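Undergrad: Attaching a predicted model along with its sequence, questions to come.
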Amino acid sequence: MSEQMIFDLPPKTAFGREDFFVSPSNDMAVRQMEGWQNWPLGKLVLCGPKGSGKSHLVHIWAEDAGAIVLSARALAYERLETLAQQPVAVEDVHLLAQNDDGEAALFHLHNLMNEAGHPLLMTGVGTTGTWDIKLPDLASRLSGSQLATMAPPDDALLSVLLVKLFWDRQITVEPPLISYIVKRMDRSFASAGDLVRALDRASLKGQKPITTRLAGRVMAEME
């Protein structure tokens, strides 16, 4: 029998408020986001590891605030004067390191947003001090912004994240499987995404359901 062809299609990601789980590891960041109308200087930097739920939280905020969401790398190609006429969320600011045009665009957007009186939300991996921003005025504005941090996941958040990642791929799993995985996996958001993707592929390839036995084998292979 020929091997089944696997199409690694991107999952359909749910960004609704009802899909976001609040736990002790992200509760403070959520509270800061909810208080966006009182952000000092009208801006906030949201930091956290890759896959920690920053984008999800950004989209919830954008719906509340009527904001536009865009990548930091796209800023240099935007009409900033037009962009600054509404609340704005700029994702992955850490990717602007060594990008002179991008850094200049974000600095200009800061000034325009301040003049217009609209809130500015920025996200990135790590902290502003590790982003290697070369433009001194921009680095100063980032370091002077209120900071919200997404902490590493606790068991409850990691469990819900796994269920959501499976659900995004239209896979229903039982609680014992989630408990088995949480006790044995690398404890990071990025690892959760990699593991669910690998389990999905292994299940499709073998035409078998995802079980604890399959999960154990896949995790051992990933190590």
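TA: Now that the structure is in, tell me what you want to look at. These numbers come from a predicted model, not from an experiment.

Undergrad: what's the spacing between the residue lying closest to Asp155 once chain neighbours are set aside and Thr149?
TA: Distances taken as CB to CB, 6 or more residues apart in numbering put Val182 closest to Asp155, at 5.8 Å, once the chain neighbours are dropped. From N, CA and C alone the C-beta is placed, and that goes for glycine too. Val182 is 22 Å from Thr149, where distance means CB to CB, to the nearest Å.

Undergrad: and if you look at Arg73?
TA: Distance check for Arg73 against Thr149: by CB to CB, it reads 23 Å.

Undergrad: same check, this time on Glu91
TA: 16 Å.

Undergrad: higher neighbour count, those two?
TA: Ranked by neighbour count (other CB atoms under 10 Å), Glu91 and Thr149 place Glu91 first, with 21 against 16.

Undergrad: What's the separation between Ala84 and Leu75?
TA: For Ala84, the distance to Leu75 - CB to CB - is 11 Å.

Undergrad: Run through the helices of the protein in chain order.
TA: With DSSP state H, the ranges of helices along the chain come out as 27-34, 54-65, 80-83, 100-116, 136-143, 155-168, 175-184, 189-206, 212-222.

Undergrad: Could you chop the chain up by domain?
TA: Residue ranges for the domains of the chain, per automatic domain parsing: 26-149, 155-222.

Undergrad: Make CSV from those domains and add mean pLDDT to it.
TA: Shown next, in CSV, are those (pLDDT from 0 to 100):
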stretch, mean pLDDT
domain 26-149, 94
domain 155-222, 90
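
Undergrad: In TSV, list the helices of the chain along with distance to Met122 and mean neighbour count.
TA: Conversion of the helices of the chain to TSV gives the following (distance: least, CB to CB, whole Å; neighbours: other CB atoms under 10 Å):
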stretch	distance to Met122	mean neighbour count
helix 27-34	12	16
helix 54-65	10	19
helix 80-83	14	14
helix 100-116	8	18
helix 136-143	7	16
helix 155-168	23	19
helix 175-184	31	15
helix 189-206	19	17
helix 212-222	33	14
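
Undergrad: In TSV, list the ones you listed along with distance to Phe20.
TA: Below are those laid out as TSV (distance: least, CB to CB, whole Å):
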stretch	distance to Phe20
helix 27-34	8
helix 54-65	5
helix 80-83	26
helix 100-116	25
helix 136-143	25
helix 155-168	9
helix 175-184	18
helix 189-206	13
helix 212-222	25
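
Undergrad: Of these, which is nearest Leu44?
TA: Ranking the helices of the chain by distance to Leu44, with CB to CB as the measure, places helix 27-34 first at 6.5 Å.

Undergrad: Mind listing residues that contact the closest one?
TA: With CB atoms under 8 Å, 6 or more residues apart in numbering as the test, helix 27-34 has contacts from Val22, Leu44, Leu46, Gly48, Leu57, Ile60, Trp61, Leu121, Gln146, Ala148, Thr149, Met150.

Undergrad: give me the number of residues near the last one?
TA: For Met150, the neighbour count with other CB under 10 Å is 22.

Undergrad: what's near enough to touch the nearest residue to it once chain neighbours are set aside?
TA: Once flanking residues are discounted, Met150 sits nearest to Gly48: 2.8 Å by CB to CB, 6+ apart. Gly48 makes contacts with Ala29, Lys54, Thr123, Val125, Thr149, Met150, Ala151, as judged by CB under 8 Å, 6+ apart.
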